[in-house]
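S.K.: Using only what follows, build the 3D model:
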Amino acid sequence: MYKEKISRYIDAHRKEMLEDIGALCRINSVKGSYRIGKPYGEGCSEALRAALHIAECYGFSINNYDNYVGTVDMNDKEAQLDILAHLDVVPAGDGWTVTEPFEPVVKDGKIYGRGTADDKGPAIAALYAMRAVNELGIPMKKNVRLILGTDEECGSSDITHYYSVEKEAPMTFSPDAVKCALEALRDGGNTVIVTDTNMTKAGIHRTSLEKLGVEVHCYMADPDVAKTAKEQGLTRAYASMEKAARMAKETGKQVIFSVGNAPTALIAIETLMQKGEIYPALVIGVPVGFVNVVEAKERIMAAKVPYIVAKGRKGGSTVAAAILNALLYKIDNER
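M.R.: Below is the predicted model of the structure:
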């Protein structure tokens, strides 16, 4: 019902959005030396102040947590969803041809500059999505909070500081998560969904998957996985993610991981990413329990990967299936 209205709103404000992205990308926010009141240096603090000023000008309530993190609230209701983005960037490096790194330009429908894709552009995109919902008067039962970090590229100590003083929202996702997931699903036969339980696998809408040509695998009960786990002292969940990585490498297919039960599956995914053995199209991390659950989710959120995570100890296989079905439902409604 609201999709077309939001799309028209974004199209009408495209020029303004590009200007805001450009304003942030002109700030060199590579992490600098600690200074009193500026834990990651002048550039990161300047970028945070600029982003919060943009949000405040659009009528949002903002908060600056000691120049570690800034927040933008959609309303004053109970927080249900955190959107994590960051304003720090890696050093510019060499080889720039279209523009200088901190002099963004728009050319052939694309904006070039350090931070346009990682992660100032997505941060502004998330802000404009929130702005569209507010200015179009779309009713919200809960609050959405945009969290703007300034140390993602060097360890995410900013988010650790933030969550030491603020309560976690039940759900968190990276700004590019839905976009990357939909692109992967639309790619059909080139994409595989890997789950950590047969319950999640059974709960994903089969007809929608068949229309797209997307396969779903759960390797937990495979004899070779059980054998590897026993021989190497691993959990089956860990060994099954290793098998998924080998499958992806052998077939060239991209993988959406859906983890609703086993924290060690998330730990395996993050470890495999660190080794360069896989780069997922999306990680859905919603395992439930006590042992290693929080740590496993935080490791995924600190990794450079699109993710949807249920923070804390809540989640489950049914939640994992529901998230995938919501993505599939969105594609079904586009047809």
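
S.K.: Go ahead and name everything in contact with stretch 57-77.
M.R.: 37-40, 44-45, 48-49, 51-52, 55-56, 79, 127, 130-131, 133-134, 140-151, 157-159, 161-162, 165-166 (Cβ atoms under 8 Å, 6 or more residues apart in numbering). No exception for glycine: its C-beta is placed from N, CA and C like everyone else's.

S.K.: could you redo the last one with a cut-off of 6 Å?
M.R.: 38-39, 45, 48, 52, 55-56, 130-131, 142-149, 158, 161-162 (Cβ atoms under 6 Å, 6 or more residues apart in numbering).

S.K.: Now, those residues that are in helices?
M.R.: Cross-referencing these against helices under DSSP state H gives 45, 48, 52, 55-56, 130-131, 158, 161-162.

S.K.: Can you tell me which of the residues you listed are buried?
M.R.: 45, 48, 52, 55, 130-131, 158, 161-162 (16 or more other Cβ atoms under 10 Å).

S.K.: where along the stretch 51-200 of the chain do the helices fall?
M.R.: 120-135, 157-163, 177-186, 198-203 (DSSP state H, counting those that start in this stretch).

S.K.: Show me which positions of stretch 38-57 end up buried.
M.R.: Within stretch 38-57, judged by 16+ other Cβ under 10 Å, the buried ones are 38-41, 43-48, 50-52, 54-55.

S.K.: now do stretch 239-250
M.R.: In stretch 239-250, counting by 16+ other Cβ under 10 Å, buried: 239-245, 247-248.

S.K.: how about the CA coordinates for it, as CSV?
M.R.: Taking C-alpha atoms only, stretch 239-250 is exported to CSV below (Å, rounded to 0.1, in the frame of the first residue of the first chain):
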residue,chain,number,x,y,z
ALA,A,239,31.1,-28.4,10.2
SER,A,240,27.9,-27.8,8.1
MET,A,241,28.9,-24.2,7.5
GLU,A,242,32.3,-25.3,6.3
LYS,A,243,30.6,-27.7,3.9
ALA,A,244,28.5,-24.8,2.7
ALA,A,245,31.6,-22.7,2.0
ARG,A,246,33.1,-25.5,0.0
MET,A,247,29.9,-25.9,-2.0
ALA,A,248,29.9,-22.2,-2.8
LYS,A,249,33.5,-22.2,-3.9
GLU,A,250,33.0,-25.3,-6.1
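
S.K.: For it, which outside residues touch it?
M.R.: For stretch 239-250, contacts defined as Cβ under 6 Å, 6+ apart pick out 194, 219-220, 225, 228-229, 255, 265, 268-269, 272, 277-278.

S.K.: any idea which residue of the chain is furthest from its center?
M.R.: Ranked by distance from the centre of the chain (Cα atoms, centre = their mean), the top residue is residue 231, with 34.5 Å.
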